[in-house]
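**Student:** Provided below for reference: sequence and predicted model.
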Amino acid sequence: MYSTILRERSGSIWSLILSRNMGGGPRTFPGGLNKWQWKRMHEKKAREKENKLLDQEKQLYEARIRSEIRAKMLGGNHDSNENTAKSNQSHGPLSPQEHIKSLADRFMKAGAEDLWNEDDGPVKKTNQGSRLNRVGNGGSRSNSPIDVRSLVGRRGFSSMSHRGRFKRNESSCDEGEDFDSKKFDTLSPFSPGFAGKKEKVKSVSNVMRNKGLFGRRKFRKNDSSTEEDSEEEDGKMNGWMDVRRTGSSASLGNHDFKLIKRVQRNVTDEDLYPPLDINGVRDDLSKRKSVENVMEVNGEPRDSIYSGRRFDESSVSPLTLKALSASGIVKMTRVQDATLSECFEGQDALVKAKTGTGKSMAFLLPAIETVLKAMASSNGVHRVPPILVLILCPTRELASQIAAEGKALLKYHDGIGVQTLIGGTRFKLDQQRLQSDPCQILIATPGRLLDHIENKSNITSRLMALKLFVVDEADLLLDLGFRRDVEKIIDCLPRQRQSLLFSATIPKEVRRVSQLVLKRDHSYIDTIGLGCVETHDKVKQSCLVAPHESHFHLVPHLLKEHINNTADYKIIVFCSTGMVTSLMYTLLREMKLNVREIHARKPQLHRTRVSDEFKESKRLILVTSDVSARGMNYPDVTLVIQVGIPSDREQYIHRLGRTGREGKGGKGLLLIAPWERYFLDELKDLPIEPIQVPDLDSRFKLEVDQSMGKIDTSIKEAAYHAWLGYYNSVRETGRDKTTLAELANRFCYSIGLEKPPPLFRKTAVKMGLKGISGIPIRK
Ligand SMILES: Nc1ncnc2c1ncn2[C@@H]1O[C@H](COP(=O)(O)OP(=O)(O)OP(=O)(O)O)[C@@H](O)[C@H]1O
């Protein structure tokens with residue numbers, strides 16, 4: 001709430017400045033501040049805002065701990081369900097879950113109830129009464145996804161994962177057309193003494209029978225009518241909070257409440273939650289899924305990325321349709337089908353869909369329609385046309401790629417321009433380009449756009465007429481690294497606009513902050529579905545755990561093996577940092593492999609050239625840092641190797657998503673050291689097969705060592721420093737500096753350095769490594 005107020009205030013300050021500057025006169029800042037003071041003031045405000053949010057989170061956490069302690073002291077060995085049941089019946093202490101929800105109430109905006117739902121999904125509803133859950137699949141409708149965890153009981157699942165975010169995936173794909181009672185019976189832990197089982201099974205089956213492929217949900221306060229009505233009947237709760245309680249207690253909404261009420265107090269935990277055979281559940285679900293996949297929806301197999309609808313059945317303009325069919329694109333992908341009508345109606349939306357399924361087109365098409373509509377209704381001819389659509393994305397290459405796709409779609413439209421504003425190009429050139437070739441659609445990376453906003457470009461006034469704001473890779477751009485920039489950009493945009501957020505991964509925290517951008521009544525379009533894996537079935541994932549020292553031997557070996565078995569190979573090797581990328585690239589080049597490199601330390605011209613080349617080529621290896629992890633559409637990549645742990649689970653999914661695009665197959669391999677195994681916990685719901693460490697013959701090892709020996713020491717030293725910096729920033733490894741120093745030294749020797757190169761004192765202090773044995777400091 002605080003951030004909204006702040007944003008509104010700063011928004012009005014900005015409009016004041018802008019209104020003063022609309023005439024093109026010199027820009028002044030209120031209070032006689034110069035540009036830098038003004039900038040610093042804004043940065044300070046952003047910091048304060050962030051601190052406030054962090055404080056709230058902390059408060060919430062502390063309250064939860066207090067509540068847990070209190071509950072334990074008062075009730076002994078209570079679990080949360082028991083507590084919930086208990087507090088339903090008496091006026092005793094709140095359960096930790098209830099407490100956290102009631103606290104959440106204070107910080108949460110209306111319409112975001114589901115964000116506090118433990119199941120990490122929208123509020124679940126029964127299929128009675130009014131509902132707004134819809135399916136985008138050919139306009140058919142469905143109920144919200146059924147969470148198998150709610151069928152098998154909470155306890156079993158919560159013990160499997162310590163992070164709520166990953167719990168859901170244990171159930172793999174839990175959506176089905178025909179879920180027979182027998183199967184449900186095997187899943188149910190409630191069998192002994194559960195009187196209402198049959199009734200429950202029946203209603204669940206009904207709900208599931210009505211299910212479609214994926215749900216589309218709207219968050220509106222009055223969505224809750226079903227739950228509110230039934231709760232009021234019970235005379236228990238009323239209003240907004242009720243919805244959350246029903247939704248978060250389990251996906252079965254009211255069904256689950258009945259279950260809780262039936263539980264006798266003296267029933268033991270074992271009676272309630274008999275040991276759960278997770279593998280059995282998994283088998284069951286995967287069998288069901290494989291049957292479902294063969295079935296067809298609108299003429300498309302269920303596992304197809306296409307929805308079965310054609311673009312000419314939608315309200316896409318004829319000239320765009322012409323461009324689409326010129327590129328051979330006729331059918332919509334599921335995400336396009338689910339998104340288009342919503343976007344054409346001007347609704348805000350948060351959209352989640354797997355990698356490589358056409359999200360860019362899902363926002364470019366509405367972008368073009370928005371421009372056409374605005375141009376048709378505009379009465380005056382502008383000297384410089386206003387920017388009507390702003391698309392933000394995290395990397396330069398991605399911005400260029402989206403611009404190229406946009407231009408292809410605009411092939412037959414006259415008078416609509418697309419421009420990019422990305423770092424690595426000359427600022428002055430940008431300004432000239434914007435003047436000489438004005439555009440209505442602007443695709444930008446946050447840093448460079450902010451430079452223009454803060455440096456007297458007329459871009460701020462041109463943005464005042466903005467109609468559509470798109471954030472691609474929204475989870476990354478709303479993450480702390482980018483959020484401040486994005487907030488500043490939002491402050492410059494008109495509040496009357498449509499906003500769309502897209503990503504293949506939308507963790508819960510991002511769902512919460514998405515309201516910085518989206519209106520309260522936005523739609524949440526999730527084409528993956530709650531409980532379904534976020535990676536593609538056709539991409540075979542494996543994991544190789546081997547000592548760090550062997551990684552530089554193993555990578556060339558794995559590459560050679562793949563090259564020998566794949567005629568038209570195309571491989572991406574992800575390394576943790578730019579300098580490690582550079583070292584890996586140099587080694588592979590020394591070994592005469594056909595290889596290119598991209599990372600942030602390379603000049604933009606090089607990055608663009610290599611990126612374009614890799615798009616077109618076959619039989620090529622790209623070694624890269626995370627600059628290529630998101631959004632880049634390199635067709636027909638056959639293998640993705642990730643060396644070392646990625647920064648988080650989401651990054652793993654995005655990196656892997658460079659293969660298996662457009663419904664094709666591919667392979668992914670994660671190569672980690674034994675001490676990085678803990679990361680696999682975050683991926684345990686994904687179908688990753690462990691593989692044996694291959695035997696490397698001594699001749700091959702010698703060849704690698706000789707090639708490594710030819711590499712310049714400065715490249716290795718830079719790689720060592722970068723490696724140290726990366727793992728120091730990873731929470732799990734950065735905590736114990738002594739161990740980190742030991743691991744770094746092992747890495748150092750494995751790349752052929754005789755001793756670790758010294759750090760600058762200032763750097764060591766910053767990294768908390770000063771005085772740590774094994775970390776030499778430069779004199
Ligand atoms: N309806 C369609 N029919 C055929 N091809 C399509 C369709 N829509 C998109 N494509 C193609 O699919 C490829 C992948 O699309 P895109 O890059 O937009 O995926 P994405 O979902 O944004 O992936 P990521 O999550 O990695 O950003 C592109 O080559 C695009 O041209």
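**Tutor:** Structure's in. What do you need? Residues are numbered from 1 along each chain as shown.
**Student:** quick one, domains of the protein?
**Tutor:** Domain assignment for the chain, taken from the TED database, gives 307-526, 539-700, 712-778.
**Student:** bridged to Gly668, which residues?
**Tutor:** Beta-bridge partners for Gly668, by DSSP bridges, are Gln541, Val640.
**Student:** which residues does it contact?
**Tutor:** Thr535, Val539, Lys540, Gln541, Ser542, Leu639, Val640, Ile641, Gln642, Arg655, Leu656, Thr659 (C-beta atoms under 8 Å, 6 or more residues apart in numbering). C-beta coordinates here come from the backbone N, C-alpha and C atoms, glycine included.
**Student:** distance of it relative to the ligand?
**Tutor:** Counting by C-beta to the nearest ligand atom, to the nearest Å, the separation of Gly668 from the ligand is 14 Å.
**Student:** select the longest helix from the protein.
**Tutor:** Ordering each helix of the chain by length in residues (DSSP state H) puts helix 35-75 first.
**Student:** for that helix, packing partners?
**Tutor:** On a contact count with 3 or more C-beta pairs under 8 Å, 6 or more residues apart in numbering; DSSP states H and E, helix 35-75 meets helix 2-21, helix 80-89, helix 96-107, helix 480-491.
**Student:** for the stretch 501-650 of the chain, what spans make up the helices?
**Tutor:** With helices called from DSSP state H, counting those that start in this stretch, the stretch 501-650 of the chain shows them at 508-513, 551-565, 578-590, 604-616, 649-656.
**Student:** please tabulate the ones you listed in a markdown table and include distance to the ligand and mean pLDDT as additional columns.
**Tutor:** Shown next, in a markdown table, are these (distance: least, C-beta to the nearest ligand atom, whole Å; pLDDT from 0 to 100):
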| stretch | distance to the ligand | mean pLDDT |
| --- | --- | --- |
| helix 508-513 | 15 | 86 |
| helix 551-565 | 22 | 97 |
| helix 578-590 | 20 | 98 |
| helix 604-616 | 10 | 96 |
| helix 649-656 | 7 | 97 |
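**Student:** how about the secondary structure of Gly424?
**Tutor:** Secondary structure state of Gly424, per DSSP: H, G, I helix; E, B strand; the rest coil, is coil.
**Student:** skipping adjacent residues, who's closest to it in space?
**Tutor:** Distances taken as C-beta to C-beta, 6 or more residues apart in numbering place Gln604 nearest to Gly424, at 3.0 Å, with adjacent residues excluded.
**Student:** ok, Pro687 next?
**Tutor:** Ranked by C-beta to C-beta, 6+ apart and with sequence neighbours excluded, the top spatial neighbour of Pro687 is Gln541, at 6.1 Å.
**Student:** ok, now Leu434?
**Tutor:** Gln419 is the one closest to Leu434 (C-beta to C-beta, 6+ apart), at 6.5 Å.
**Student:** neighbours of the one you found, how many?
**Tutor:** 19 (other C-beta atoms under 10 Å).
**Student:** what's the spacing between it and Ile715?
**Tutor:** Relative to Ile715, Gln419 is positioned 37 Å away (criterion: C-beta to C-beta, to the nearest Å).
**Student:** and Ile100, what pLDDT?
**Tutor:** Ile100 is assigned a predicted lDDT (pLDDT) of 61.
**Student:** could you give the mean pLDDT of the strand or helix carrying Glu405?
**Tutor:** Taking DSSP states H and E as the criterion, Glu405 maps to helix 396-409. Regarding helix 396-409, the rounded mean pLDDT is 97.
**Student:** just to be sure, the residue nearest to Leu434 is in a strand?
**Tutor:** Yes. Assessed with three-state DSSP, Gln419 lies in a strand.
**Student:** can you pull the contacts of it?
**Tutor:** Each residue near Gln419 by C-beta under 8 Å, 6+ apart is listed here: Ala403, Arg433, Leu434, Asp437, Cys439, Ile441, Leu442, Ile443.
**Student:** mind listing what the last one touches?
**Tutor:** Applying C-beta under 8 Å, 6+ apart to Ile443 gives the contacts Ile391, Cys393, Ala399, Ile402, Ala403, Gly406, Val418, Gln419, Thr420, Leu421.
**Student:** rewinding a little: in JSON lines: the contacts of Gly668, plus neighbour count.
**Tutor:** Formatted as JSON lines, the contacts of Gly668 follow (neighbours: other C-beta atoms under 10 Å):
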{"residue": "Thr535", "neighbour count": "23"}
{"residue": "Val539", "neighbour count": "20"}
{"residue": "Lys540", "neighbour count": "17"}
{"residue": "Gln541", "neighbour count": "21"}
{"residue": "Ser542", "neighbour count": "14"}
{"residue": "Leu639", "neighbour count": "24"}
{"residue": "Val640", "neighbour count": "24"}
{"residue": "Ile641", "neighbour count": "24"}
{"residue": "Gln642", "neighbour count": "22"}
{"residue": "Arg655", "neighbour count": "24"}
{"residue": "Leu656", "neighbour count": "30"}
{"residue": "Thr659", "neighbour count": "26"}
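**Student:** how about these in JSON lines, adding distance to Asp479?
**Tutor:** Below are these laid out as JSON lines (distance: C-beta to C-beta, whole Å):
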{"residue": "Thr535", "distance to Asp479": "20"}
{"residue": "Val539", "distance to Asp479": "25"}
{"residue": "Lys540", "distance to Asp479": "29"}
{"residue": "Gln541", "distance to Asp479": "24"}
{"residue": "Ser542", "distance to Asp479": "28"}
{"residue": "Leu639", "distance to Asp479": "28"}
{"residue": "Val640", "distance to Asp479": "22"}
{"residue": "Ile641", "distance to Asp479": "25"}
{"residue": "Gln642", "distance to Asp479": "19"}
{"residue": "Arg655", "distance to Asp479": "16"}
{"residue": "Leu656", "distance to Asp479": "19"}
{"residue": "Thr659", "distance to Asp479": "24"}
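**Student:** and which of those residues is nearest Glu473?
**Tutor:** Arg655 (12.7 Å; C-beta to C-beta).
**Student:** close to the ligand: what parts of the stretch 101-250 of the chain are there?
**Tutor:** Near the ligand, no residue belonging to the stretch 101-250 of the chain is found when assessed by C-beta under 6 Å from any ligand atom.
**Student:** show me which of the contacts of Ile443 is closest to Lys592.
**Tutor:** Among these, Ala399 lies closest to Lys592 (C-beta to C-beta), at 34.2 Å.
**Student:** number of residues surrounding that closest one?
**Tutor:** Count around Ala399 with other C-beta under 10 Å applied: 26.
**Student:** and what of Asp695?
**Tutor:** As a measure of burial, Asp695 has 7 neighbours, counting by other C-beta under 10 Å.
**Student:** repeat for Ile572
**Tutor:** When neighbours are counted by other C-beta under 10 Å, Ile572 registers 26.
**Student:** also Leu753?
**Tutor:** 16.
**Student:** any stretches of this protein with poor pLDDT?
**Tutor:** Residue ranges of the chain with pLDDT under 70: 1-28, 71-302, 379-382, 456.
**Student:** for the ligand, what are the nearby residues on it?
**Tutor:** So the chain meets the ligand at 329, 331-333, 336, 353, 355-361, 504, 631, 633, 657, 661-662 (C-beta under 6 Å from any ligand atom).
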